[in-house]
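Novice: Kindly generate the corresponding structure for this input.
(one chain, ligands or ions: 3)
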Amino acid sequence: MRALRLREWKSDPVLIDVPDPEPGPGQVVIRVGGAGACHSDLHLMHEFEGGLLPWGPPFTLGHENAGWVVALGDGVSGLQVGQPVAVYGPWGCGTCARCRLGAENYCEDPANAPVPSGGGGLGLDGGMSEYMLVPDARLLVPLPDGLDPASAAPLTDAGLTPYHAIRRSWPKLPPGATAVVIGTGGLGHLAIQILKATTAATVIAVDTRTEALDLALKNGADLALPSNDGTAASIRDSTGEHGADVVLDFVGADATLAMAAAAARTLGDVTIVGLGGGTLPLSFFSVPYEVSLQTTYWGTRPELVEVLNLAARGLLRPDIVQFPLEEAMDAYRQMQNGELTGRAVIVPSQHR
Ligand code: FEH
Ligand code: ZN
Ligand code: ZN
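Specialist: Ligands and ions are numbered 1, 2, ... in the order given. Got it, this is the predicted structure:
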């Protein structure tokens, strides 16, 4: 089969022939119906280097995946050949307390995983190929009726990551509250929909790109503001000078983190999701009183079930652009140049 492989750090991935995977005991092979192209993949190609992580190339890209079961290893029960499934992306050891709760994004014993990795597409082979080996059946979530793999794939990261960040801030988002979404691309446009579907907060979207702001308004944002030196003041102005109860930064650059802190309300949450590499000084006067500042990484498997439920009921609709596997690098080029709105999904197979 053909697979888009990252062969070494700081290199462009290449589409090459590799053997079809075979499932070992407890494992499952899926035919990939959708593999989302994530901004993190650009960091993997251009910025990561040896020694930073316990895993590395070579591996097949694609860490947000969905497809159809094609082969079950010995001992796998509860799944059927042909069944549509989503792949839960962060793969932990499977046995520590966090993993047992389904929070493999925060596995506390990664060295005890069968093979150390961040997951498929992150050290182990991901979904940018016709077939994908899923090393344990626990990592598959059946798709509810009405969801096809190409639309479900982005839900496993671009949907799950903002869902987790928003869910933990639900207590700070009663009616009358304001949430700010900085960066309204692949994750941000779904963050807006999730806020609208699960809270009654007013949603303010912020981005540098006009097309991204248009997408934000199309996805239900109440207000869309261009990102510039005056944005935090505009947010304070539109909240009666209180500031925003929750600010979600999907960019994570110096400028957006400073904006997030300046726009937050006392007792609010500032959550850094984007890998932009910026820093935010924390001192007594650098953020409003009792602001909580946190990073979040991906989400839990039970939360993925909730995200898929929202989507199956039409409350969450990823804005996707599909690319065949041969054109995957065009998707990354468009993403790099800021020419994509919504999420690019590579579609290696159209049918189960
Ligand atoms: C991937 C690799 C490293 C950091 C973060 C990510 C995310 O895209 C996963 O949600
Ligand atoms: Zn990602
Ligand atoms: Zn674990």
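Novice: residue contacts, residue 95?
Specialist: 109, 112 (C-beta atoms under 8 Å, 6 or more residues apart in numbering). C-betas here are computed from N, CA, C, even on glycine.
Novice: Now do it, the pLDDT please.
Specialist: Note on residue 95: pLDDT of 96.
Novice: swap in residue 114?
Specialist: pLDDT recorded at residue 114 is 84.
Novice: Spatially nearest residue to it (excluding sequence neighbours)?
Specialist: Nearest non-adjacent residue to residue 114, counting by C-beta to C-beta, 6 or more residues apart in numbering: residue 135, 6.3 Å away.
Novice: tell me the contacts of that neighbour?
Specialist: Neighbour list for residue 135: 26, 27, 91, 114, 115, 124 [criterion: C-beta under 8 Å, 6+ apart].
Novice: got it, and residue 10?
Specialist: Residue 10 neighbours (C-beta under 8 Å, 6+ apart): 45, 46, 47, 48, 49.
Novice: hang on, the last one in a strand?
Specialist: No. The assignment for residue 49, made by DSSP: H, G, I helix; E, B strand; the rest coil, is coil rather than a strand.
Novice: wait, doesn't it sit right on residue 11?
Specialist: No. Judged on C-beta atoms under 8 Å, residue 49 makes no contact with residue 11 at a distance of 11.0 Å.
Novice: circling back to that earlier point, roughly how far does the residue nearest to residue 114 sit from residue 312?
Specialist: In this view, residue 135 and residue 312 are 26 Å apart by C-beta to C-beta, to the nearest Å.
Novice: With residue 341 instead?
Specialist: 24 Å.
Novice: ok, the two, which is more surrounded?
Specialist: The residue with more neighbours, out of residue 341 and residue 312, is residue 341; 20 against 16, by other C-beta atoms under 10 Å.
Novice: Just the helices from the stretch 251-352 of the chain, written as ranges.
Specialist: For the stretch 251-352 of the chain, the helices defined by DSSP state H, counting those that start in this stretch cover 254-263, 301-312, 328-336.
Novice: Looking at these, which one is packed in the most?
Specialist: helix 254-263 (a mean of 22; mean count of other C-beta atoms under 10 Å).
Novice: For that helix, C-alpha coordinates in PDB please.
Specialist: This file holds the C-alpha atoms of helix 254-263, laid out as PDB (Å, rounded to 0.1, in the frame of the first residue of the first chain):
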ATOM      1  CA  ASP A 254       3.600  35.600  22.300                       C
ATOM      2  CA  ALA A 255       1.100  38.100  20.900                       C
ATOM      3  CA  THR A 256      -2.000  35.900  21.300                       C
ATOM      4  CA  LEU A 257      -1.000  34.900  24.900                       C
ATOM      5  CA  ALA A 258      -0.600  38.600  25.800                       C
ATOM      6  CA  MET A 259      -3.900  39.300  24.300                       C
ATOM      7  CA  ALA A 260      -5.600  36.400  26.100                       C
ATOM      8  CA  ALA A 261      -4.200  37.600  29.500                       C
ATOM      9  CA  ALA A 262      -5.300  41.200  28.800                       C
ATOM     10  CA  ALA A 263      -8.800  40.100  27.700                       C
END
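Novice: Now tell me what touches it from outside.
Specialist: Contacts to helix 254-263, defined as C-beta under 8 Å, 6+ apart, come from residues 180, 182-183, 206, 227, 231-233, 235-236, 243-244, 247, 249, 270, 272, 274, 276, 278-280, 286-288, 291, 293.
Novice: So how do I select the buried members of the contacts of residue 10 in ChimeraX?
Specialist: Only the buried entries of the contacts of residue 10 go into this ChimeraX selection, using 16 or more other C-beta atoms under 10 Å:
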select :45,48
